[in-house]
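Colleague: prediction below, plus the sequence it came from.
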Amino acid sequence: MYQKLSFAIIFVTLTLLAACGGGGDNSTPTPPAAVAPAITVQPASTSVVAGQNATFTVTATGTAPLQYQWYKNAVKIDGATSASYTTPATTTADNAVPFEVIVGNTAGALTSDVAMLTVTAASAPAGTDVPTYKNDLSRSGQNLTESTLTLTNVAPATFGLLHNLTVDGKVDAQPLYLSQLSVAGAARDVVFAATEHDSVYAFDADTGALLWHVSLLRAGETTSDSRGCSQVIPEIGVTSTPVIDRAAGAHGTIFVVAMSKDTASNYHQRLHALDLTTGAELLGGPTEIAATYAMAGGGTATFSPGQYEERAALLLLNGSVYTSWTSHCDVAPYSGWIIAFAASTLVRGAVLNLAPNSGGGPAIWMSGGGPAVDAAGNIYLLTANGTFETTLDANGFPDMQDYGNSFVKLAVTGGTLSVADYFTMSNEVAESNADQDLGSGGAMLLPDLKDSTNTARHLVVGAGKDGNIYLVNRDSMGKFGATANNIWQQVSGALPGGIWSTPAYFNGTLYYGDSNATLKAFTITNAKLVATPQSQSAESFVYPGTAPSISADGTLNAIVWAHENSNPAVLHAYDASNLAHELYNSNQAAANRDHFGVGNKYITPTVADGKVFVGTTGSVAVFGLLH
């Protein structure tokens with residue numbers, strides 16, 4: 001309002017100066033009085049699709065020269081001083097924003113009517129996108145739109161390795177995929193890979209052509225060393241699975257966390273926002289990740305970037321990117337940070353610490369799993385071994401707010417994060433002392449399931465090193481009891497090898513792959529697991545077991561995909577209705593046709609549009625139909 005008022009005052013001042021300029025030569029004819037502006041055609045409201053430009057135009061009469069100044073949401077737009085104004089590429093954040101223009105000359109100024117901009121989201125592509133870890137925010141690991149790959153054609157004679165896309169480091173993050181992304185004027189199916197050498201790549205998934213590659217290292221920096229821990233070796237760069245917002249920015253945005261080390265041996269953790277079509281940095285990024293948190297016992301905890309790595313997958317929720325942090329092995333001091341950033345600005349938002357008074361955890365790592373989200377926007381995750389106060393406050397929460405070996409439900413309210421509910425097993429202290437992490441596995445939300453009384457149950461499932469499967473009621477998680485676990489169901493010893501992965505779900509069946517053991521299918525009946533696997537693979541999977549994913553065409557042609565961490569690595573495909581029926585593995589073809597490199601831990605296959613993408617120690621392997 002003040003800007004527009006100042007602009008109008010300038011016009012009036014010019015008018016007064018002109019009026020005072022007439023002088024003492026009566027022989028000079030007096031010029032005709034200037035005519036104030038009049039708007040004959042007002043700016044019109046307009047609608048565009050996100051990513052398009054919008055143009056507003058005004059037509060005015062009056063004594064020349066006419067001057068123009070456009071405003072967006074009552075704020076002057078620098079440089080918008082013509083009769084027409086064209087916006088930059090729009091985003092959905094521009095929806096319902098008003099535009100107007102002041103037209104002026106020496107005789108006065110006039111403000112136009114308001115024109116509204118409507119921005120709608122771009123239409124979904126014809127294919128399938130995998131923009132986040134395990135496909136969706138429940139972390140189900142399922143793609144139910146796969147119409148190309150079937151139980152018949154996934155076989156050694158017709159299916160195999162198409163490309164092995166070389167990159168510059170380990171691919172510990174799950175590859176992500178977008179269908180029909182417009183790159184350089186052409187619609188392409190694109191696979192994105194991030195490496196421990198602090199690089200991000202975009203490849204044409206059909207041809208294998210490199211579309212772009214960027215390094216996230218600043219001048220003079222290197223990737224981080226292993227920090228005296230064998231968890232991520234030989235270097236630490238990008239470990240966690242990024243997340244994609246296809247509608248953000250002009251062409252979509254991929255958010256990535258990268259660790260590095262500068263010439264003064266200072267460690268950095270940075271959040272990057274990259275253009276999907278070029279890899280260019282957006283939003284003035286990257287932003288340094290830094291935070292403080294008030295400790296319940298007094299004092300302040302400060303996030304130390306060298307003490308942490310971002311292992312769990314990124315979460316994009318309601319305009320914020322959530323990062324969650326783990327230690328290097330159990331090298332103290334460390335705690336359980338969750339730090340959010342605005343996806344539109346990279347400005348830090350909510351901060352929570354799940355171990356604010358402990359120098360030894362718990363941290364959050366979930367073997368690469370990602371925090372899960374329910375329909376109400378609550379966040380669920382599993383914490384690792386660490387401090388838990390068995391002395392509870394009046395509400396049944398640990399009195400010093402340390403949540404070792406717990407299922408944790410987080411509420412996001414008014415830009416803040418808080419623990420809304422939790423479950424901790426009764427033997428938490430003993431398990432933590434024995435380094436038996438619950439949070440070695442990831443959380444997954446099951447769809448609504450009817451129990452024996454036809455009541456809908458809202459459940460979250462998780463498992464860790466102790467080999468038990470825990471089904472927890474999200475509406476009342478059970479908290480802590482010293483003598484018993486007050487949860488929906490516990491299947492003790494179901495996974496004797498221990499879990500370092502997030503399960504997958506399809507059509508009433510839960511799929512888990514424990515370490516040095518078989519891939520198992522557990523049927524769900526009346527909202528509870530049948531304790532004995534309905535089927536299991538003939539093969540055992542060496543450490544850390546396997547993190548399955550599933551493709552199907554609705555309920556048809558359901559295939560379970562599993563990666564084996566061996567040398568060479570092996571991709572397996574199983575009939576989801578019977579895991580004893582293996583359809584294909586990458587060792588079957590003659591002459592090592594489908595070998596794709598050395599195995600890597602915590603690898604989840606990505607399946608979309610007839611192709612399967614698997615990260616390795618130096619590439620992304622692309623499998624599909626051979627003809």
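Modeller: Received it, and whenever you're ready, just let me know what you need.
Colleague: could you pull out the helices for the chain?
Modeller: 2-20, 428-433 (DSSP state H).
Colleague: looking at those helices, which one has the lowest mean pLDDT?
Modeller: Mean pLDDT values for these show the minimum at helix 2-20, a mean of 44.
Colleague: so residue 449 bridges to which residues?
Modeller: The partner list for residue 449 in beta bridges (DSSP bridges) reads residue 457.
Colleague: contacts only, for it.
Modeller: 456-457, 459, 524, 527 (C-beta atoms under 8 Å, 6 or more residues apart in numbering). Where you see a C-beta, it was placed from the backbone N, CA and C, and this is true even at glycine.
Colleague: for residue 177, same thing?
Modeller: 128-130, 189-192, 205, 606, 608-609, 613 are the contacts of residue 177 under C-beta under 8 Å, 6+ apart.
Colleague: let's have those residues in JSON lines, adding neighbour count.
Modeller: Shown next, in JSON lines, are those (neighbours: other C-beta atoms under 10 Å):
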{"residue": "128", "neighbour count": "21"}
{"residue": "129", "neighbour count": "20"}
{"residue": "130", "neighbour count": "24"}
{"residue": "189", "neighbour count": "21"}
{"residue": "190", "neighbour count": "23"}
{"residue": "191", "neighbour count": "26"}
{"residue": "192", "neighbour count": "30"}
{"residue": "205", "neighbour count": "29"}
{"residue": "606", "neighbour count": "28"}
{"residue": "608", "neighbour count": "26"}
{"residue": "609", "neighbour count": "23"}
{"residue": "613", "neighbour count": "27"}
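Colleague: residue 188 versus residue 166, what's the distance?
Modeller: Distance check for residue 166 against residue 188: by C-beta to C-beta, to the nearest Å, it reads 19 Å.
Colleague: so for the two, which residue has more residues nearby?
Modeller: residue 188 (21 against 13; other C-beta atoms under 10 Å).
Colleague: the more buried one touches residue 208, doesn't it?
Modeller: No: using C-beta atoms under 8 Å as the test, residue 188 is too far from residue 208 to be in contact (11.6 Å).
Colleague: residue closest to the middle of this protein?
Modeller: residue 243 (2.9 Å; C-alpha atoms, centre = their mean).
Colleague: surely it meets residue 255?
Modeller: Yes: the criterion here is C-beta under 8 Å, and residue 243 meets it with residue 255 at 5.3 Å.
Colleague: among the contacts of residue 177, which are located in strands?
Modeller: 189-192, 606, 608, 613 (DSSP state E).
Colleague: which of these sits closest to residue 267?
Modeller: Nearest to residue 267 among the ones in strands among the contacts of residue 177 is residue 192, at 25.2 Å by C-beta to C-beta.
Colleague: so what pLDDT did the closest one get?
Modeller: 98.
Colleague: report the contact partners of it.
Modeller: Taking C-beta under 8 Å, 6+ apart, one finds 175-178, 200-202, 242, 244, 254, 276 in contact with residue 192.
Colleague: now render these as TSV, adding distance to residue 315.
Modeller: Output for the contacts of residue 192, formatted as TSV (distance: C-beta to C-beta, whole Å):
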residue	distance to residue 315
175	18
176	14
177	18
178	18
200	18
201	22
202	22
242	11
244	12
254	14
276	18
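Colleague: show me which of those are buried.
Modeller: With burial judged by 16 or more other C-beta atoms under 10 Å, the buried subset of those is 175-178, 200-202, 242, 244, 254, 276.
Colleague: wait, which of those residues is closest to residue 402?
Modeller: Nearest to residue 402 among the buried ones among the contacts of residue 192, with distances taken as C-beta to C-beta, is residue 242, at 29.6 Å.
Colleague: my guess is that closest one contacts residue 316, does it?
Modeller: No: counting by C-beta under 8 Å, residue 242 does not reach residue 316; the two are 9.6 Å apart.
Colleague: name the residues contacting each of those two.
Modeller: By C-beta under 8 Å, 6+ apart, the residues touching both residue 242 and residue 316 are residue 255.
Colleague: correct me, but residue 396 touches residue 481?
Modeller: No: using C-beta under 8 Å, residue 396 makes no contact with residue 481, being 9.5 Å away.
Colleague: who's more crowded, these two?
Modeller: Just comparing residue 396 and residue 481: by other C-beta under 10 Å the higher neighbour count belongs to residue 481, 16 against 12.
Colleague: so what's the more buried one scoring on pLDDT?
Modeller: Value listed for residue 481 in the pLDDT field: 96.
Colleague: show me where the stretch 451-600 of the chain has strands.
Modeller: 456-457, 459-463, 469-473, 479-480, 489-491, 504-506, 509-513, 517-525, 528-529, 535-541, 549-553, 556-564, 570-575, 578-585 (DSSP state E, counting those that start in this stretch).
Colleague: with just CA atoms, put the third one into CSV.
Modeller: To tie it back to what came earlier, the one meant is strand 469-473. C-alpha atoms of strand 469-473 as CSV (Å, rounded to 0.1, in the frame of the first residue of the first chain):
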residue,chain,number,x,y,z
ILE,A,469,7.7,-58.2,14.3
TYR,A,470,5.8,-55.5,16.2
LEU,A,471,2.3,-54.4,15.0
VAL,A,472,1.4,-51.1,16.8
ASN,A,473,-2.0,-49.4,16.9
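Colleague: partner strands of it, parallel or antiparallel?
Modeller: With DSSP bridges as the test, strand 469-473 pairs up with strand 459-463 (antiparallel), strand 489-491 (antiparallel).
Colleague: tell me the angle of it relative to strand 517-525?
Modeller: 30 degrees (axes from the mean of the first three to the mean of the last three C-alpha atoms, to 10 degrees).
Colleague: where does the chain have low pLDDT?
Modeller: 1-29, 122-125 (pLDDT under 70).
Colleague: what is the neighbour count of the residue nearest to residue 195 when sequence neighbours are not counted?
Modeller: Nearest residue to residue 195, sequence neighbours excluded (C-beta to C-beta, 6 or more residues apart in numbering): residue 169, at 3.7 Å. Using other C-beta under 10 Å, residue 169 has 19 neighbouring residues.
Colleague: please name the residues that touch residue 169.
Modeller: Here residue 169 is in contact with 195-199, 223, 235, 237, 618 (C-beta under 8 Å, 6+ apart).
Colleague: repeat that for residue 514.
Modeller: 467, 495-499, 520, 545.
Colleague: restricting to C-alpha, output stretch 67-83 in CSV.
Modeller: The C-alpha coordinates for stretch 67-83 follow below in CSV (Å, rounded to 0.1, in the frame of the first residue of the first chain):
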residue,chain,number,x,y,z
GLN,A,67,4.0,5.3,-17.0
TYR,A,68,3.2,1.9,-15.6
GLN,A,69,4.0,0.0,-12.4
TRP,A,70,2.7,-3.5,-11.8
TYR,A,71,2.1,-5.0,-8.3
LYS,A,72,1.8,-8.6,-7.1
ASN,A,73,-0.1,-9.1,-3.9
ALA,A,74,0.2,-5.3,-3.3
VAL,A,75,4.0,-5.4,-3.6
LYS,A,76,5.8,-3.6,-6.4
ILE,A,77,7.4,-5.8,-9.0
ASP,A,78,10.8,-4.5,-9.9
GLY,A,79,11.2,-3.8,-13.6
ALA,A,80,7.5,-4.3,-14.4
THR,A,81,7.0,-0.9,-16.0
SER,A,82,5.3,-1.6,-19.3
ALA,A,83,1.7,-1.9,-20.4
